[in-house]
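Novice: The following block contains a protein sequence and its predicted model.
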Amino acid sequence: MKVEADSEIRVRARLYRVTDNGNLCFMKLRESYETIQCVVDKKALSKGMFDFAKKISHESIVEVVAKIVNPAAPVTGTTIQGFELHAQEVWCVNRSVPVLPFQIMDAMTVCEDQEAEMKGGEKAEEGEEEKKEGGNKKTLVVNQKVRLDNRVIDLRVPTNQAIMRL
């Protein structure tokens, strides 16, 4: 499929991340291994649709009617960097549960202490274990048992997707 700027497209994808920036909302959409940025402008949509788009939970399946735009600078942090979508309509096809067994962002953290990851415990049963990194900063490490029990979610982590592609 040839993609041209200023054409309208309908995309159905999984919502990876939402960042609210006042009058703009940036949605990172993922389908399989590809990610693209979708910009939701408060001025271009109704206030109700803008507020709705900001509150869609991560990993929900959304359908977006958007205009394809060539950004001034390549979009970093997505696999498709030469284009971005400017939303005209945003629909939530299937909302994910608000609390997943673990978040994709937590599963992406690198665990240097293998014993801490494998060790069971009160927090490990919930799926996450606190780990201190340099001072007061804390990150969450997802327990291996929880990853295996929720393999469908674990396969959404970019590292695991890369392994599957190989």
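Specialist: Ah, there it is.
Novice: which ones are touching residue 24?
Specialist: Listed by CB atoms under 8 Å, 6 or more residues apart in numbering, the contact set of residue 24 reads 39, 40, 41, 42. From N, CA and C alone the C-beta is placed, and that goes for glycine too.
Novice: let's go with 10 Å and repeat that
Specialist: Contacts of residue 24 were listed using CB atoms under 10 Å, 6 or more residues apart in numbering, and they are 39, 40, 41, 42, 43, 44, 50.
Novice: Same question for residue 43.
Specialist: By CB under 10 Å, 6+ apart, residue 43 lies in contact with 23, 24, 50.
Novice: how's the chain carved up into domains?
Specialist: As assigned by automatic domain parsing, the chain contains the domains 8-94, 104-165.
Novice: Could you work out the end-to-end span of the shortest one for me?
Specialist: Which is domain 104-165. Domain 104-165 has an end-to-end distance of 18 Å (CA to CA, to the nearest Å).
Novice: and the residue lying closest to residue 164 once chain neighbours are set aside, how many neighbours?
Specialist: Closest residue to residue 164 apart from its sequence neighbours, by CB to CB, 6 or more residues apart in numbering: residue 155 at 6.9 Å. By other CB atoms under 10 Å, the residues close to residue 155 number 12.
Novice: Strands of the chain, start to end?
Specialist: With strands called from DSSP state E, the chain shows them at 8-21, 24-31, 34-41, 61-69, 84-94, 128-132, 138-142.
Novice: hey, least reliable of the ones you listed by pLDDT?
Specialist: Of all the strands of the chain, strand 128-132 carries the lowest average pLDDT, namely a mean of 45.
Novice: Out of the strands of the chain, which is closest to residue 151?
Specialist: Comparison of the strands of the chain against residue 151 by CB to CB identifies strand 138-142 as nearest, at 12.3 Å.
Novice: Now for residue 153: which residues touch it?
Specialist: Residues near residue 153 by CB under 10 Å, 6+ apart: 59, 96, 100, 101, 102, 103, 104, 107, 142, 146, 147.
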